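**Q** Okay, sequence plus prediction incoming.
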Amino acid sequence: MDEQIEKQQKNTLNAETVNAEAEGANKKVQIPVSAEPEEDPRPPRPFLYRFRGIVLAVVAIVALIFWPADLEIVPFLVFVNLFILAVYLRIKARRAIGDHTRGKSLDAPVLVTWGAYGRMRHPLYVSNVGVAVGLVVLHLGINFITIPFVVFLLAFGYLLSKLDDRYLEQRYGDEWKVWSMNTPAFIPREIHVPGPKRSAKEAILADTSTWIWLAVMIGLVLFRKVDFLIWA
């Protein structure tokens, strides 16, 4: 009887050992399931918005290939006035808006309706087009060669603004519709809308890369102009 009991105990211990080894083997070969990748929270980036910098760079290179025009007072004054107004408008816009518009993603975590955006919906695009048109006029003068570049820049800025409008309407709905109905797209209205704004110094420092590229473009245009006047 005692021998049978000992055999049963040994069999039970052996069975428990086998089960434990099997469970350990299962644990060793078990492959953890990887977590699903997080979705990109940013909205889709339209082609024109994603490559807007490249498009403008190509236009600038094509324009610089043309021989510069003589240095005349009227094109120079057009450039100076457009440049001053565009820089002033850009600083005013940057005081009201944050840095979320920079980069390749089309995003707007806050619908800014005050400051420069209380007077017009697209002050940054107006500023960019103003500087670009001014540089083209300074380089090529006022003639038929200038017209295609000016038309393209105006159309390009308009298309980018429509992409902004479409995105903001989808995101903010009725809030955007009310704002757009009361705020012109490009022509400023004489209404001041108060809101949170940072200082002009902070706005200028936040746009450092823009000022660098702007200085490079002005330098290239002036270099071409001086080189032409020397060898003319």
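**A** Sure thing, it's come through.
**Q** mind checking the SS state of residue 221?
**A** helix (DSSP: H, G, I helix; E, B strand; the rest coil).
**Q** That one: what's it in contact with?
**A** 64, 68, 135, 138, 139 (Cβ atoms under 8 Å, 6 or more residues apart in numbering). Glycine gets a C-beta too; all of them are placed from N, C-alpha and C.
**Q** Could I get the pLDDT score of the closest residue to the third one other than its chain neighbours?
**A** Spatial nearest neighbour of residue 135, excluding adjacent residues (Cβ to Cβ, 6 or more residues apart in numbering): residue 221 at 5.6 Å. According to the predicted model, the pLDDT of residue 221 comes to 90.
**Q** what about residue 221, distance to residue 67?
**A** For residue 221, the distance to residue 67 equals 13 Å [Cβ to Cβ, to the nearest Å].
**Q** Check residue 142 too.
**A** 15 Å.
**Q** again with residue 143
**A** 11 Å.
**Q** Touching, residue 195 and residue 110? I think so.
**A** No. Using Cβ atoms under 8 Å, residue 195 is not in contact with residue 110, being 10.1 Å away.
**Q** which one of these two has more residues nearby?
**A** residue 195 (13 against 10; other Cβ atoms under 10 Å).
**Q** for the more buried one, helix, strand, or coil?
**A** Classification of residue 195 by three-state DSSP places it in coil.
**Q** contacting residues around stretch 118-125?
**A** 89-90, 92-93, 96-97, 101, 116-117, 126, 157, 160-161, 164-165, 179-180, 183-193, 195.
**Q** Counting neighbours, which of these end up buried?
**A** 89-90, 92-93, 96-97, 116-117, 126, 157, 160-161, 164, 179-180, 183, 193 (16 or more other Cβ atoms under 10 Å).
**Q** Show me the helices in this protein, by range?
**A** For the chain, the helices defined by DSSP state H cover 2-29, 47-50, 52-65, 73-96, 123-140, 146-172, 174-182, 200-206, 208-231.
**Q** can you give me the mean pLDDT across the longest one?
**A** What helix 2-29 shows for mean pLDDT is 46.
**Q** Thought residue 220 was touching residue 64, still the case?
**A** Yes. Counting by Cβ under 8 Å, residue 64 touches residue 220, with 6.2 Å between them.
**Q** export stretch 194-205 as CSV, just CAs?
**A** Taking C-alpha atoms only, stretch 194-205 is exported to CSV below (Å, rounded to 0.1, in the frame of the first residue of the first chain):
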residue,chain,number,x,y,z
PRO,A,194,-8.5,93.1,-30.0
GLY,A,195,-6.9,89.8,-29.0
PRO,A,196,-3.7,88.3,-27.5
LYS,A,197,-0.6,89.4,-29.3
ARG,A,198,3.1,89.1,-28.7
SER,A,199,5.6,91.9,-29.1
ALA,A,200,7.0,93.0,-32.4
LYS,A,201,10.5,91.8,-31.3
GLU,A,202,9.2,88.3,-30.5
ALA,A,203,7.4,88.2,-33.9
ILE,A,204,10.6,89.2,-35.8
LEU,A,205,12.7,86.7,-33.9
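**Q** which residues sit against that stretch?
**A** 91, 94, 95, 96, 112, 113, 114, 115, 118, 206, 211.
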